[in-house]
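Enquirer: Compute the structure for the input listed below.
(chains A and B)
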Amino acid sequence: MRYTEYLLPTLKETPSDAEVVSHQLMLRAGMIRKLAAGIYNYLPLGLRSIRKVEKIIREEMDRAGAIELLMPMVVPAELWEESGRWDHYGKELLRFSDRKDSPFCLGPTHEEVITDLVRNTVRSYRQLPLNLYQIQGKFRDEIRPRFGLMRGREFIMKDAYSFDLDEAGADVAYEKMYQAYRRIFERCGLKFRAVEADTGNIGGSSSHEFMVLAASGEDAIVSCGQCEYAANIEKAEVALAENRTPEPAADMVKVSTPGCKSINDVSSFLDISPECVVKTLIVQTDAGETLAVLLQGSHELNDIKLCRFLGCNEVTLATDEVVSKVAGVLPGYVGPVGLPLRIIADHAVRGMSDFAVGANESDMHCVGVNLGRDFDVECFADLRSAEAGDICPRCGGVLEIWRGIEVGHVFKLGTKYSSALKATVLDDNGQDRVLFMGCYGIGVGRTVAAAIEQNHDENGIIFPLPIAPFHVLVTVVNPREEEVLAAAEKIYTELQDLGVEVLLDDRDERPGSKFKDADLIGIPLRLTVGARGLKENAVELQERAAGDRRMIPLAEVSALVRDMVVTACGF
RNA sequence: CGGGGCGUAGCGCAGUCUGGUAGCGCACCUGUCUUGGGCACAGGGGGUCGGAGGUUCGAAUCCUCUCGCCCCGACCA
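Expert: From the prediction side, this is the model:
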């Protein structure tokens, strides 16, 4: 492709409404343009990158035995009513009526449609297992679209749905998808982790998220330095410590702690470590219960674990007013001794003795407090979030914390949709059997955005070769010099004949502008053809990632570049 | 949906408080010049100041309503 015949509108300045780097760079590199909140045009350069990801996905899905189809984006309401989600999905589901006033929605996900298709077309267990996928535009009327392609309202998604006769079959399908996903993100050239995830409200028993590691990621994940264990922080288990309760050595004493409302205040005022303080959090559930949760001072409450433990949907920290009413004191001085509430505690508290707690009196704490002697708790549970340095719950190694961007998610759905929509087949005994399903999603645009989030510098994007819009950029230093232009065009043609995707910057611009644009759009390999090098019969090769430059003889350059491309993405 | 902020040329912004001929940088067009890290000079085009109503001799500026967009929270690929 010749730059002068292409549409590649780069921006020198950063548009003010773009907050995160990937969004800024995609705008500046001329990959996307916004049409409305959360809705984007994919410009030629951006589309090329997206198509690369799609191609890798297709190849790996096909390899794993999945079959591509395409479902409509517009879905009749009756299917959603049948699954019960028409009433439960909320405003994210964009609803509208056709000219006959029949209700429809734009599909934000396609469990209903695929299940309907399968129940109408698959009759026998002999047609199973089946895994159907599509790559399609989705629409979710997000409350708050943001960060460009990272969280748009309209977005491109690969969604796959597996159908099996029984749970064991579904497990096999799940494992195949898990492995396919690993290959997909490896082939994209991304650093990622597959983590155990909370199943959220889609339901189902087991689930993994695929997280592209990036400092700006919205999710925190933990992974073990020694073994394969990795999990979303929402779900990461905390290994049980030895938990022998040391014998109390001190008497409980009330001490004055004026103005000490936080754990840090208390521990530094009393000159003890935060690990010797127990914090008492008053929480309220959506079921209307108010209770106290005890944690070691330095630990963080994990409200998802707490919800799961309590069997409720939501917990919130009680307001100052509520705390005053139930504990008789403002937050900061609440403690378990004499507290007239249900009290549960994190496992770590079980191993503590002679600790400090709030005294349920303003500006007062108690020290030398001990479980069992001074107060009791109803039970112990895993209620805190894992931290860097914690012991791995699987192998005893040390846990690390990373930040990640969720680009893929695999779920075991069980029979939730198949039973709601009565998707059954006959088994070998002629009996109706409800299908076991799995669903598997990848955000295609988000994967490109995450790749940029993970791979950029102050000058622009640094594309991993397998998903770069072009493999190589050939910069013509001065296209007005005939020998220079001719040499560049020769390389351009040679490379194309070798199957290399090349962008020829033949613009009559100053070299500086072209180099700046080259850095911005992040094509991994760059050849600079100028009079200076041609005198030596050579061109300069620069890798965007490493930045170092070397001169390559004209006669060798095309083959060398082809080899580099083949090595990186094996086309 | 709750809280905060912004709409002035394609992009980035000033001007708004204190009403008085709509500006700057970049980009764009023409010409000359220049060509290994966003040249230089000269000339030029481009705006119903988000929209509607109001106050006023006069509104980008003050008032009312409205639309759009961004940021912080709960949701998700």
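Enquirer: contacts and neighbour counts: CA atoms only from here.
Expert: Fine.
Enquirer: Can you report phi and psi for A:Phe355?
Expert: For A:Phe355, the backbone dihedrals are phi -100, psi 170 (criterion: degrees, to the nearest 10).
Enquirer: Any idea how many residues pack against it?
Expert: 24 (other CA atoms under 10 Å).
Enquirer: same check, this time on A:Val118
Expert: With other CA under 10 Å as criterion, A:Val118 counts 19.
Enquirer: residues contacting it?
Expert: Contacts here follow CA atoms under 8 Å, 6 or more residues apart in numbering; on that basis A:Val118 touches A:Ala423.
Enquirer: Regarding it, what is its secondary structure?
Expert: In three-state terms, and counting by DSSP: H, G, I helix; E, B strand; the rest coil, A:Val118 is helix.
Enquirer: List the contacts of the residue of the stretch 451-571 of chain A found nearest RNA strand B.
Expert: Using CA to the nearest atom of the strand, A:Gly512 is the residue of the stretch 451-571 of chain A that sits closest to RNA strand B, at 2.9 Å. Contact partners of A:Gly512, counting by CA under 8 Å, 6+ apart, are absent.
Enquirer: how about it, secondary structure?
Expert: Applying three-state DSSP: A:Gly512 is helix.
Enquirer: so which helix or strand takes in A:Val410?
Expert: Using DSSP states H and E, A:Val410 falls within strand A:399-414.
Enquirer: How about the next helix or strand after that strand and RNA strand B, touching?
Expert: Sequence-wise, the next helix or strand downstream of strand A:399-414 (DSSP H and E) is helix A:416-420. No: judged by CA under 7 Å from any atom of the strand, helix A:416-420 stays clear of RNA strand B, getting no closer than 14.8 Å.
Enquirer: quick one: contacts of helix A:416-420?
Expert: Counting by CA under 8 Å, 6+ apart, A:82-83, A:111-112, A:115, A:203-204, A:424, A:434-437 sit against helix A:416-420.
Enquirer: try 7 Å this time
Expert: A:82-83, A:112, A:115, A:434-435 (CA atoms under 7 Å, 6 or more residues apart in numbering).
Enquirer: which secondary structure elements does the strand holding A:Val410 contact?
Expert: strand A:207-213, strand A:219-224, strand A:436-443, helix A:444-454 (3 or more CA pairs under 7 Å, 6 or more residues apart in numbering; DSSP states H and E).
Enquirer: ok so, going back, who wins for most neighbours among the contacts of helix A:416-420?
Expert: Ranked by the number of neighbours (other CA under 10 Å), these place A:Leu435 first, at 29 neighbours.
Enquirer: thought that one was touching A:Asp427?
Expert: No: taking contacts as CA atoms under 7 Å, A:Leu435 lies outside contact range of A:Asp427: 10.6 Å.
Enquirer: Could you find the closest non-adjacent residue to A:Ser273?
Expert: Spatially, and ignoring its direct neighbours in sequence, A:Ser273 is nearest to A:Ser267 (5.5 Å; CA to CA, 6 or more residues apart in numbering).
Enquirer: burial count for that neighbour?
Expert: Applying other CA under 10 Å, we find 18 other residues in the vicinity of A:Ser267.
Enquirer: State whether it is indeed within a strand.
Expert: No: looking at A:Ser267 with three-state DSSP, it is helix, so not inside a strand.
Enquirer: number of nearby residues for the residue in the stretch 151-300 of chain A that RNA strand B sits nearest to?
Expert: RNA strand B sits closest to A:Arg151 of the stretch 151-300 of chain A, with a gap of 4.2 Å, by CA to the nearest atom of the strand. Using other CA under 10 Å as the criterion, A:Arg151 is surrounded by 19 other residues.
Enquirer: Quick check: beta-bridge partners of it?
Expert: Beta bridges link A:Arg151 to A:Arg146, judged by DSSP bridges.
Enquirer: is it true that it touches A:Glu142?
Expert: No: assessed by CA under 7 Å, A:Arg151 is found out of contact with A:Glu142, at 8.3 Å.
Enquirer: who touches A:Arg140 in this structure?
Expert: When contacts are counted by CA under 7 Å, 6+ apart, A:Arg140 touches A:92-94, A:108, A:153-154.
Enquirer: Please name the bridge partners of the residue positioned nearest the centre of chain A.
Expert: Closest to where the C-alpha atoms of chain A average out (CA atoms, centre = their mean) is A:Glu406, at 0.9 Å. Bridge pairing for A:Glu406 (DSSP bridges) gives the partners A:Met211.
Enquirer: which residues touch it?
Expert: A:Glu406 neighbours (CA under 7 Å, 6+ apart): A:209-212.
Enquirer: Show the overlap between the residues you listed and what lies near RNA strand B.
Expert: A:Glu209.
Enquirer: Is A:His471 in contact with A:Leu525, as I believe?
Expert: Yes: between A:His471 and A:Leu525 there is a contact under CA under 7 Å: 6.3 Å.
Enquirer: With adjacent residues omitted, what lies nearest to A:Glu209?
Expert: Nearest residue to A:Glu209, sequence neighbours excluded (CA to CA, 6+ apart): A:His409, at 4.4 Å.
Enquirer: Give me the number of neighbouring residues for the residue in the stretch 251-400 of chain A positioned nearest to RNA strand B.
Expert: Per CA to the nearest atom of the strand, A:Glu314 is where the stretch 251-400 of chain A lies closest to RNA strand B, at 8.0 Å. Counted with other CA under 10 Å, residues neighbouring A:Glu314 total 15.
Enquirer: What pLDDT is listed against the nearest residue to it once chain neighbours are set aside?
Expert: Of all residues not flanking A:Glu314 in the chain, A:Asp286 sits nearest, at 5.4 Å (CA to CA, 6+ apart). Here the pLDDT value assigned to A:Asp286 is 80.
Enquirer: ok, A:Asp286 - contacts?
Expert: A:312-315.
Enquirer: I'd like those residues as TSV, with pLDDT, secondary structure and distance to A:Asp517 appended.
Expert: TSV is the format used below for the contacts of A:Asp286 (pLDDT from 0 to 100; DSSP: H, G, I helix; E, B strand; the rest coil; distance: CA to CA, whole Å):
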residue	pLDDT	secondary structure	distance to A:Asp517
A:Cys312	80	coil	53
A:Asn313	75	coil	50
A:Glu314	77	coil	49
A:Val315	83	strand	50
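Enquirer: Now, of those residues, which are buried?
Expert: Buried members of the contacts of A:Asp286, counted by 16 or more other CA atoms under 10 Å: A:Val315.
Enquirer: from the contacts of A:Asp286, which single one is nearest A:Pro76?
Expert: Nearest to A:Pro76 among the contacts of A:Asp286: A:Asn313, at 29.7 Å, using CA to CA.
Enquirer: Just the element for the residue nearest to the closest one when sequence neighbours are not counted, please.
Expert: With sequence-adjacent residues excluded and distances taken as CA to CA, 6+ apart, A:Asn313 is closest to A:Cys307, at 6.0 Å. Following DSSP H and E, one finds A:Cys307 within helix A:303-310.
Enquirer: Go ahead and name everything in contact with the helix or strand that that helix is followed by.
Expert: Remark: after helix A:303-310, the chain's next helix or strand is strand A:315-317, criterion DSSP H and E. With contact meaning CA under 7 Å, 6+ apart, strand A:315-317 is reached by A:282-286, A:303, A:307.
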